[in-house]
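Provide a 3D model corresponding to the input given below.
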Amino acid sequence: MVLCGPGGVGKGTIASRLVREVNNLTLSRSWTTRRRRRGESSDSYVFVTRAEFEEAIAQDQFFEWAEFLGNLYGTPKPDPEMATDLLLEIDIQGARQVRERDPGAEIILIVAPSSDDLRHRMEFRGDDVTSIDERVEIGQEEIAEASEFADFVVVNDDLNRAVLEISTIISSLRSA
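Here you go, the predicted structure:
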């Protein structure tokens with residue numbers, strides 16, 4: 001299962017809650033070459049150098065990877081013997097790559113209620129003020145793109161409601 005959306009929509013927060021609240025769900029931990037944000041947990045990503053990331057690409061260790069605003073992001077290939085459902089929390093580019101590699105992957109697009117709300121979330125989490133306008137504009141383009149291939153769209157206007165909606169989607173997919 002894939003949670004995707006532009007930066008700032010709450011993918012990480014939703015993913016953390018889902019892993020705590022939904023049985024047999026494991027979060028894949030993505031790699032990145034970007035620096036840790038102020039207040040960001042050290043286990044939010046596997047933070048690596050560009051050289052380490054490029055070596056992992058050369059060794060075909062990623063299910064998907066992409067470059068965004070000068071930083072590399074990637075999802076390691078899952079362990080085939082994993083006994084739980086795997087949840088990927090990734091950007092739109094990554095979700096498209098997953099869909100191409102695994103047409104059966106279920107893709108859930110997370111969106112903010114508005115561009116202004118997205119901007120405020122980015123400011124609150126400490127994003128670079130000079131890049132927020134660019135990221136919001138890119139986010140709108142990404143939402144339009146992902147709407148073409150996502151299986152579900154969830155508006156994150158209330159965290160509890162969004163988590164419940166996605167939990168319900170996961171339950172229905174498991175029982176199908």
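
packing partners of the helix-or-strand element of the chain with minimal mean pLDDT?
Ranked by mean pLDDT, DSSP states H and E, the weakest helix or strand in the chain is helix 115-124, scoring a mean of 84. Helix 115-124 sits against helix 129-146, with contacts defined as 3 or more CB pairs under 8 Å, 6 or more residues apart in numbering; DSSP states H and E. The way it works is simple: take the backbone N, C-alpha and C, and place the C-beta from them, glycine included.

so which residues of this protein form helices?
11-21, 50-58, 92-101, 115-124, 129-146, 159-175 (DSSP state H).

for residue 42, which of those is the nearest?
Ranking the helices of the chain by proximity to residue 42 (CB to CB) places helix 11-21 first, at 13.6 Å.

what angle do the closest one and helix 115-124 make?
Interaxial angle of helix 11-21 relative to helix 115-124 (axes from the mean of the first three to the mean of the last three CA atoms, to 10 degrees): 80 degrees.

and the least confident helix or strand of the chain, what's buried?
117, 118, 119, 121, 122 (16 or more other CB atoms under 10 Å).

again with stretch 13-22
13, 14, 15, 17, 18, 22.

relative to residue 34, how far out is the second one?
Going from residue 14 to residue 34 by CB to CB, to the nearest Å gives 20 Å.
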